[in-house]
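Peer 1: All I have is the shape, not the residue letters:
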């Protein structure tokens with residue numbers, strides 16, 4: 001026995017009370033406060049309540065709404081969700097993109113936001129080399145097994161690279177889901193997923209770049225000074241300023257203020273993403289004055305090789321090999337500087353870390369050091385240049 005009155009064409013047109021009005025068998029008419037009316041089917045699917053809109057009363061007649069409701073009842077009884085089925089049909093109609101195609105398109109879109117050219121190349125290289133197994137696979141079919149097949153061979157052998165590859169795969173798959181090309185959980189996610197499927201990495205200390213003992217730096221600098229190559233001058237300046245090799249190789253004439261003896265590196269060239277000023281010792285300044293053309297282009301690179309082309313990233317490393325120092329790295333000279341400062345001087349640790357362009361944790365301390373640390377660091381660089389055996393006299 002029905003406890004409700006079924007809707008009629010007349011009552012559908014006349015009804016104005018906001019709320020949901022039943023027609024029976026799961027079909028309802030919803031009237032909103034604004035007066036708009038629409039059809040709604042409410043039923044149980046796999047023991048869960050499901051609501052599906054059937055269109056506006058203006059576009060769908062009562063008879064049509066009842067027919068749609070009848071079809072949904074049959075689908076629900078068979079355990080079929082028509083909404084999911086429609087999505088699957090749409091996905092089947094779309095041309096399937098491979099992981100490689102989507103990753104390349106994504107990188108074209110987002111790589112301008114990467115910190116530098118090296119970072120852009122690393123992204124492409126890792127996805128092309130270590131994720132090569134995924135590149136030809138449809139992006140909507142990549143699962144945990146496919147991701148593990150890529151990661152397992154390098155997980156313990158190349159742990160740092162493997163972590164980067166996993167994170168980059170995860171980002172690509174997240175972007176594909178945002179574009180509607182995938183559904184479900186990301187098979188490359190770490191927390192609660194791959195961390196349970198991959199072996200625990202051995203606990204090892206941080207990797208250290210092989211460094212020259214600071215007691216030998218003066219002898220090394222004398223040998224380096226005898227080398228005429230542009231790479232030798234670049235390495236000299238890198239050591240005297242305790243800079244990273246990329247910072248030196250990217251140096252332009254416009255970054256050097258010869259009046260104040262300050263090298264200002266823009267934020268986009270710094271690892272920490274902030275402007276960094278380096279006070280130049282007289283020895284550093286002399287190197288630059290010897291290299292400076294009569295009318296330097298502010299955008300031109302300071303250190304160039306054959307045919308005026310900028311030095312490559314390997315130029316200073318290859319020089320070290322030619323000099324017979326195979327066991328040390330260019331980056332290791334920053335450790336040489338830090339060891340010298342920590343073991344033989346009274347300079348504060350914070351000022352030394354700032355000289356190395358390392359981030360100071362405290363915001364208050366960072367604000368303070370912006371205004372006071374430059375002259376302190378000038379003294380550090382002057383003392384370092386003297387320890388390196390360079391002549392700290394006025395080069396003019």
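Peer 2: Perfect, I can see it now. In this text the structure is predicted, and so the values were computed from the model without any measurement.

Peer 1: Pop the domain breakdown of the protein in here.
Peer 2: Domain ranges of the chain: 9-93, 99-197, 214-387, per automatic domain parsing.

Peer 1: Let's have those domains in CSV, adding mean neighbour count and mean pLDDT.
Peer 2: All C-beta spots, glycine's among them, are computed from the backbone N, C-alpha and C. Putting these into CSV (neighbours: other Cβ atoms under 10 Å; pLDDT from 0 to 100) gives the following:
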stretch, mean neighbour count, mean pLDDT
domain 9-93, 14, 88
domain 99-197, 16, 88
domain 214-387, 17, 86
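
Peer 1: quick one: residue 225 and residue 319, what's the gap?
Peer 2: According to Cβ to Cβ, to the nearest Å, residue 225 and residue 319 sit 13 Å apart.

Peer 1: Which neighbours do those two have in common?
Peer 2: residue 232 (Cβ atoms under 8 Å, 6 or more residues apart in numbering).

Peer 1: which residue packs closest to residue 337, ignoring adjacent ones?
Peer 2: What sits nearest to residue 337 in space, not counting adjacent residues and going by Cβ to Cβ, 6 or more residues apart in numbering, is residue 242, at 4.3 Å.

Peer 1: ok, now which ones touch the one you found?
Peer 2: Under the criterion of Cβ under 8 Å, 6+ apart, the neighbours of residue 242 are 333, 334, 337, 338, 355, 356, 381, 384.

Peer 1: ok, so of those, who is nearest residue 37?
Peer 2: Proximity of the contacts of residue 242 to residue 37 (Cβ to Cβ) peaks at residue 356, which lies at 69.4 Å.

Peer 1: Hmm, that closest one is touching residue 333, no?
Peer 2: No. Applying Cβ atoms under 8 Å as the test, residue 356 and residue 333 come out as separate, 11.0 Å apart.

Peer 1: Where do the strands of the stretch 151-300 of the chain begin and end?
Peer 2: 256-257, 262-265, 276-279 (DSSP state E, counting those that start in this stretch).

Peer 1: What residues does residue 151 make contact with?
Peer 2: 162, 165, 166, 194, 198.

Peer 1: Just name the closest of those to residue 230, please.
Peer 2: Nearest to residue 230 among the contacts of residue 151, with distances taken as Cβ to Cβ, is residue 165, at 35.5 Å.

Peer 1: which strands and helices sit next to the helix or strand containing residue 343?
Peer 2: According to DSSP states H and E, residue 343 maps onto helix 332-344. If contacts are counted by 3 or more Cβ pairs under 8 Å, 6 or more residues apart in numbering; DSSP states H and E, helix 332-344 sits against helix 230-241, helix 349-355, helix 363-387.

Peer 1: Reformat the ones you listed as TSV; add distance to residue 325.
Peer 2: As requested, the helices and strands packed on helix 332-344 are arranged in TSV below (distance: least, Cβ to Cβ, whole Å):
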stretch	distance to residue 325
helix 230-241	10
helix 349-355	24
helix 363-387	19
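
Peer 1: can you tell me which of those helices comes nearest to residue 149?
Peer 2: Closest of those to residue 149 is helix 230-241, at 41.4 Å (criterion: Cβ to Cβ).

Peer 1: how far off helix 332-344 does that closest one point, in degrees?
Peer 2: 30 degrees (axes from the mean of the first three to the mean of the last three Cα atoms, to 10 degrees).

Peer 1: Helix 230-241: how far from the chain's middle?
Peer 2: Distance of helix 230-241 from its chain centroid, counting by Cα atoms, centre = their mean, to the nearest Å, is 30 Å.

Peer 1: what's the answer for stretch 152-171, then?
Peer 2: Counting by Cα atoms, centre = their mean, stretch 152-171 is centred 14 Å from the centre of its parent chain.

Peer 1: Residues in contact with that stretch: which ones?
Peer 2: 122-123, 126-127, 130-131, 134, 147, 150-151, 186, 188-190, 194, 198-199, 201-202, 207.

Peer 1: Tell me which of those residues fall in helices.
Peer 2: The helices, defined by DSSP state H, take in 122, 123, 126, 127, 134, 147, 150, 151 from those.

Peer 1: picking up where we left off before, and the helix holding residue 343, how far out from the chain middle?
Peer 2: With Cα atoms, centre = their mean as the basis, helix 332-344 stands 30 Å off its chain's centre.
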